[in-house]
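Trainee: Coordinates for the following, if possible.
(2 chains)
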Amino acid sequence: MQPFIQFESVSKSFGSVTVIDSLDLAIHKGEFLSLLGPSGSGKTTILMMLAGFERPTQGTITLEGTRIDQLPPYRREMGVVFQNYALFPHMTVAENVAFPLEMKRLPRAEIAKKVERALDMVRLAHLKDRRPSQLSGGQQQRIALTRALVFEPRVILMDEPLGALDKQLREHMQLEIRELHKRLGLTIVFVTHDQSEALTMSDRIAVFNAGKIEQIDSPHAIYDTPRTRFVAQFIGETNLIEADVVNLQNGHATISLGHDLTAKVWAGPALEAGQKAWFSLRPERMRLGADPAGENALNMTINDCIYHGDHMRVQLRRNDFTFTARCERLAGNWTVGAPVVVSFDPRDCTVLAP
Amino acid sequence: MKKTMSKTAVRERLGSLLLIAPLLAFLAVFFLWPLWTMVKASVVDDTVSRVLPRTAAAIVSWDGQAPPPAQVQQALVEDLRQIDDQQALGETVRRLNSAVSGFRTLLTRTANAVRDGRDTTTIDLASIDRRWSEPRFWLAIKDAVPPYTDRNLLAAVDMRRDANGTIVSEEPGASANRLIMFRTFLVAAIVTFACAAIGLPYAMLAAAMTGWKRTALLLAVLVPLWTSLLVRTTAWFVLLQNEGLINGALQAVGLIDSPLPLIFNRFGVVIAMTHVLLPFMVLPIYSVLLSVPRNLMQAAASMGAGPLRAFWRVLLPLSLPGLLSGSLLVFMVAIGYYITPALVGGANDQMISSVIAFYATGTANWGLAGALGLILLLVTMILYFIYGQLSKSPQLLGA
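Mentor: Numbers count the residues shown, from 1 in each chain, chains lettered A, B, ... in the order given. This is a model prediction of the structure:
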């Protein structure tokens, strides 16, 4: 299948600083792709090049097989939602939403009809004569979204659109955008530095670091089988330990974690006996207490217990080796200083070449 | 409890009043008081009633037809006899002479005759000077009796009261205040328009720039404001005169045969004033544009608006508040301009301020100077009021 949007060896430099370095990226029609990464990783630059506000220094961008990287933004038909909403303060809500339609020179009656329908869709029709300054942040965000959708652009680009909202509203808007995406079959490219946002909303996530894509995969794969140390560390919380591969057998590897601790893991194809590797284990995949079926059982001591309301965070120690585990509740006889058996499934571990 | 609290509140309020007292005192002494003096000078007309109190009291009942009765004439004689302040007499003479010419010689002669005559004798004024038998001289005195007058205000707009007290226009050619006032507003409007035409793109450019480029652009527009007026004007002489740089260059490339008249005319005045007043236009627009988020233009582009349409629909409406306050500032400052038109303008480019200066320092006619100043002040206040109303309307300013 030919990708809808294709970046081919795209580079972007500002002066002597290279922000994007020879990047290839394919975006499919109708997918919700998140560009996730720390600030300065180049994710926003990708979006700006897609929208046409920046031009690539090298490489090409095509949309349905047509080159677009040299087109000015007003010829690209991409709806952009900005973090600060970028609503026109001198126009009413209805005028804001009508703006892209007027630019298309649609007949007036049709514009009115489309504006009305679009505002109904986000349930803000009653605010159509207000000015943006009279709306709450969430309402402004929904108007900005409506304005970007109403002219049926080929792609919707969102630049950290929920960053300025408070937590509750942000979660509500995440669901609303996801719902719109499904219902209207939109192609959405969504820039965020909030990993939980990316995990809940996306079909695929591209994790950016220093101008390169570290991994592009479904949220599930990104979380459970990170392919680089950066992804393992950046997404969610993990115990990341430098380890030695002791031996390989039937797709299983035995890993030495040091301090007389060994673990059995499912081995990746790139591993060799005797090499150094990074061992990653998510805190919520660890169980405290002996598990008869468990293949991994480590004898450790409870160093500290931190109460978080819906869960506990338990710090485990053996000499100066530490693990953090997450569990829903503690059995009564486990107190700080008590010995405990920690068990986990080999499939939940990830081993990454250094 | 309540009482002590209100006491502290009062004390606090007094304290803050005390802090701004120097400012209030400054405003009162150097702003309000001169303003009040000016307004008063334009409507107060009490020299005659002050210097000739008996005559003023007696003449009120006179019907103005034949020469007034002896009782009025004797009151005048008595008043003239009592005057020992020559300066006050001089003021009265000036005031009456401005109404009917000839009063200067008439009153001086009469005053001398009265002073030389004996105290008790009844003096026949007509025998001192025959003009006292003409009612028009007495009418002038009667007209000057009321302590307040609209004479100056009417004269400021080329009007006066005729013999019956109805307001009529001055004959054309008698006075040029209306013409000069019209010219003042015209020049101010042209300058405002020129400033807007140059200032709007300039401010947009400055707002779009960053770093040293922005600083350089802003400095370029501010430097004329900081430069001495004479230096600035001399620079325009150098540029605009017949043998100046511009005419020289145009002649050198063969575009013109004889020098264009660029200075000592309306053109020179408009150029020099636009130059000085440009910052008053650029800075308000610039500061308004700075508060406009940069990505509004990106948003417009993403929705299919080309540069021209994005400018017309987004950037221009958003800079309107700045354009409006800039225009108002420029216009209000321009109508008061005095030195620049005097230096680089011709005889037909003098503005109302030079007329005010002429009356104030040239002929010591404080009344008329005050009245013209009052009209300028009124126009400015009306403009300011309109601006206040406009900036309240969100429709226009997108607030």
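
Trainee: Every contact and neighbour count from this point should use C-alpha atoms.
Mentor: Noted.

Trainee: can you pull the contacts of the most centrally placed residue in chain A?
Mentor: In chain A, the residue lying closest to the centroid (CA atoms, centre = their mean) is A:Ala198, at 3.0 Å. Contact analysis of A:Ala198 by CA atoms under 8 Å, 6 or more residues apart in numbering or on different chains lists A:34-36, A:192, A:205, A:219.

Trainee: quick one: which two of those residues are the most distant?
Mentor: Using CA to CA, the contacts of A:Ala198 reach their maximum pairwise distance at A:Thr192 and A:Pro219, which is 13.8 Å.

Trainee: okay, the residue nearest to the centre of chain A: pLDDT?
Mentor: On pLDDT, A:Ala198 comes in at 91.

Trainee: Over to A:Pro153?
Mentor: Note on A:Pro153: pLDDT of 92.

Trainee: can you check A:Ala290 too?
Mentor: In this model, A:Ala290 is scored at 68, pLDDT.

Trainee: For the host helix or strand of the residue nearest to the centre of chain A, buried residues please.
Mentor: Secondary structure assigned from DSSP states H and E places A:Ala198 in helix A:195-201. Residues of helix A:195-201 classed as buried: A:195, A:197-199, A:201 (neighbour count, 16 or more other CA atoms under 10 Å in any protein chain shown).

Trainee: what does stretch B:210-217 give?
Mentor: Those would be B:214, B:217, for stretch B:210-217 by 16+ other CA under 10 Å.

Trainee: Could you check the pLDDT of A:Trp181?
Mentor: Actually, residue A:181 is His. It isn't Trp. pLDDT, A:His181: 91.

Trainee: what's it in contact with, if anything?
Mentor: In this structure, A:His181 makes contact with A:32, A:187-188, judged by CA under 8 Å, 6+ apart.

Trainee: go with 10 Å
Mentor: For A:His181, the contact set (CA atoms under 10 Å, 6 or more residues apart in numbering or on different chains) comprises A:30-32, A:156, A:175, A:187-188, A:201.

Trainee: For it, grab phi and psi.
Mentor: Backbone torsions of A:His181, given as degrees, to the nearest 10, read phi -60, psi -40.

Trainee: measure it to A:Lys113 for me?
Mentor: From A:His181 across to A:Lys113, the span is 22 Å (CA to CA, to the nearest Å).

Trainee: do B:Val292 as well
Mentor: As for B:Val292, its distance to A:Lys113 is 30 Å (criterion: CA to CA).

Trainee: tally of neighbours for the residue in the stretch 151-300 of chain A that chain B sits nearest to?
Mentor: Relative to chain B, the nearest point of the stretch 151-300 of chain A is A:Phe151 (7.9 Å; CA to the nearest CA). As a burial measure, A:Phe151 scores 25 neighbours (other CA atoms under 10 Å in any protein chain shown).

Trainee: which residues of the stretch 151-300 of chain A fall in helices?
Mentor: Using DSSP state H, counting those that start in this stretch, the helices of the stretch 151-300 of chain A run over residues A:167-184, A:195-201, A:219-224, A:229-234.

Trainee: Now do the last one: distance to the chain's middle.
Mentor: By that I understand helix A:229-234. A distance of 12 Å separates the centroid of the chain from that of helix A:229-234, by CA atoms, centre = their mean, to the nearest Å.

Trainee: Export that helix to PDB, keeping only CA atoms.
Mentor: What follows is helix A:229-234, C-alpha atoms only, in PDB (Å, rounded to 0.1, in the frame of the first residue of the first chain):
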ATOM      1  CA  ARG A 229      17.100   2.100  25.600                       C
ATOM      2  CA  PHE A 230      15.800   5.600  25.000                       C
ATOM      3  CA  VAL A 231      12.200   4.400  24.300                       C
ATOM      4  CA  ALA A 232      12.300   2.000  27.300                       C
ATOM      5  CA  GLN A 233      13.300   4.900  29.500                       C
ATOM      6  CA  PHE A 234      11.200   7.600  28.000                       C
END
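
Trainee: What residues sit buried inside it?
Mentor: Neighbour-count burial for helix A:229-234 flags A:229, A:231-232, A:234 (criterion: 16+ other CA under 10 Å).

Trainee: what sits against residue 76?
Mentor: You didn't pick a chain, so chain A it is. The contact partners of A:Arg76, taken as CA under 10 Å, 6+ apart, are A:50-52, A:63, A:68-70, A:153-155, B:301-304.

Trainee: Please refer instead to chain B.
Mentor: Residues near B:Leu76 by CA under 10 Å, 6+ apart: B:52-56, B:58-59, B:70, B:82, B:110-111, B:114, B:125.

Trainee: could you redo the last one with a cut-off of 7 Å?
Mentor: Applying CA atoms under 7 Å, 6 or more residues apart in numbering or on different chains, we find B:Leu76 in contact with B:52, B:54-55.

Trainee: and the gap between it and chain A?
Mentor: B:Leu76 is 72 Å from chain A, where distance means CA to the nearest CA, to the nearest Å.
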